[in-house]
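Novice: Make a model of this:
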Amino acid sequence: MNNCRTRAAVSCCARWTAAAILSGFLSAGAGAEDQRRDYLVFLDASTQHRSGSPVGDEIKRNEGEAKATFLYSWQDDRYRFFGEAHAADEGEYELARLQWGWRLAPQTTAWVGRFHNPQGYWNTQYHHGAYLQTTIRRPGIEAFDGHEGGVLPSHFIGAQLDGVRQADQEGSLRYELGLGVSGQLDGEGLESPLIVGPQRSAKSTASLRLTYNPQEGGLDSFGLFVGRNQIPAKELDFREVRQTVAGVSVNKVVENLRFVGAVFFLRNELEGGATSGTAGGFASAYLQAEYQWNALWTPYARAEGTRGADDDAYLMLFHHFVKGRGLAGVRRDFGKKQALKLEFARSRIEAGRYNETGIQWSMVFP
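Specialist: Numbering: from 1, shown residues only. So this is what the prediction gives:
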């Protein structure tokens, strides 16, 4: 079966996943005398209305935001360069990724630079490109560090080895191995590591993700990831968090239905200071279903849940971490690679539950 047909024309092949688009950027197809340059520009604007916010919580009742993301790649027969710059209208900007790579074999590349951490699924599939993801909101466990308040170090500086191996007659196995340093933890949450200038504080992070694709070029994938993070703490009653991450992910298409989900298992150990030796852990999962009604309309729904969150001293530092959420929405594709999304959600954080209504416009060029 042709998988593109199940998602219908433009919406299928233009915006399924970042991996599909970036594979064109980072493909090994350049000849010995060829050079290739590519770029993508993502734009989005959204507005959120929240009601029923927990008393005393600082969640904004109304919020609007505009974002822009620029991706650029260059390659020849031996070398690769890739960069991603991200900016928002409230002065938020960063070099989300900046990577230089050497092709060791036709489908194997060694990189140095700043990366998205492969501890999970969502962030290395959709990155900062809102157009690529069907929904407005990311799963709570997959929120970026820094401004978004994520609980996992989603950026690191160091080295990464990735490649693809033939797994069977039709399938392939992709591997991503990352080693480096991530940011630090303070009273405001996890910081991203700085791409330039001295690090405020830095300790090691290591990750491995394996992804099996039963059919080359198809959407279906099944993933396994593990990671170990040492997160230095600043102005807290401990000096370091030693975090272990493991999980699985799935991306499955059945006719016009698509299922995307992941399960995370985390263990957090606080070391040094008054709370030294405190350890806890929790599990978090989400499952999203999308129905390709026709070439333009995609209704969807997602459920998120967390178990053991109340017993983890590390997680209790993140007051806005989404412990549970149910959402539903619809996406309307139009024009040349543009989309409108309308989404309703019921979310649960430490302080209680609240409702969200969101509208987002997004696009990618070219």
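
Novice: what about the strands in the stretch 251-366 of the chain?
Specialist: Remark: strands assigned in the stretch 251-366 of the chain by DSSP state E, counting those that start in this stretch are 257-271, 279-291, 297-307, 324-334, 338-349, 352-365.

Novice: how about those, which one is nearest Ser182?
Specialist: strand 257-271 (14.2 Å; CB to CB). The way it works is simple: take the backbone N, C-alpha and C, and place the C-beta from them, glycine included.

Novice: Sheet partners, orientation included, of that closest one?
Specialist: Here strand 257-271 is paired, per DSSP bridges, with strand 240-254 (antiparallel), strand 279-291 (antiparallel).

Novice: I'd like those as a markdown table, with mean neighbour count and mean pLDDT appended.
Specialist: Below are the strands paired with strand 257-271 laid out as a markdown table (neighbours: other CB atoms under 10 Å; pLDDT from 0 to 100):
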| stretch | mean neighbour count | mean pLDDT |
| --- | --- | --- |
| strand 240-254 | 18 | 95 |
| strand 279-291 | 19 | 94 |
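
Novice: so which of the strands of the stretch 251-366 of the chain comes closest to Gly113?
Specialist: strand 352-365 (23.1 Å).

Novice: sorry, back to before: output the strands paired with strand 257-271 in JSON lines, with distance to Asp333 appended to each entry.
Specialist: Shown next, in JSON lines, are the strands paired with strand 257-271 (distance: least, CB to CB, whole Å):
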{"stretch": "strand 240-254", "distance to Asp333": "17"}
{"stretch": "strand 279-291", "distance to Asp333": "12"}
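
Novice: looking at those strands, which is closest to Thr109?
Specialist: strand 240-254 (21.9 Å).

Novice: Do a quick rundown of the strands in the stretch 101-250 of the chain.
Specialist: 108-116, 155-166, 172-181, 185-186, 189-190, 204-213, 221-232, 240-254.

Novice: so can I have TSV of these showing distance to Phe42?
Specialist: Output for those, formatted as TSV (distance: least, CB to CB, whole Å):
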stretch	distance to Phe42
strand 108-116	15
strand 155-166	18
strand 172-181	22
strand 185-186	29
strand 189-190	24
strand 204-213	23
strand 221-232	22
strand 240-254	21
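
Novice: With respect to burial, which of the ones you listed scores highest?
Specialist: Sort these by mean neighbour count, taking mean count of other CB atoms under 10 Å, and strand 189-190 sits at the top with a mean of 23.

Novice: So what touches that strand?
Specialist: Asp145, Gly146, Gly149, Gly150, Val151, Leu152, Pro153, Gly183, Gln184, Ile231, Leu317, Phe318 (CB atoms under 8 Å, 6 or more residues apart in numbering).

Novice: Chain neighbours aside, what residue packs nearest to the second one?
Specialist: Right, Gly146. Computed as CB to CB, 6 or more residues apart in numbering, the closest residue to Gly146 that is not its neighbour in sequence is Ser192, at 4.3 Å.

Novice: which ones are touching the one you found?
Specialist: Going by CB under 8 Å, 6+ apart, the list of residues near Ser192 reads Glu94, Phe144, Asp145, Gly146, Ser154, His155, Gly183.

Novice: Name the weakest-confidence residue in those residues, if you would.
Specialist: Least confident by pLDDT among these: that is Gly146, with 79.
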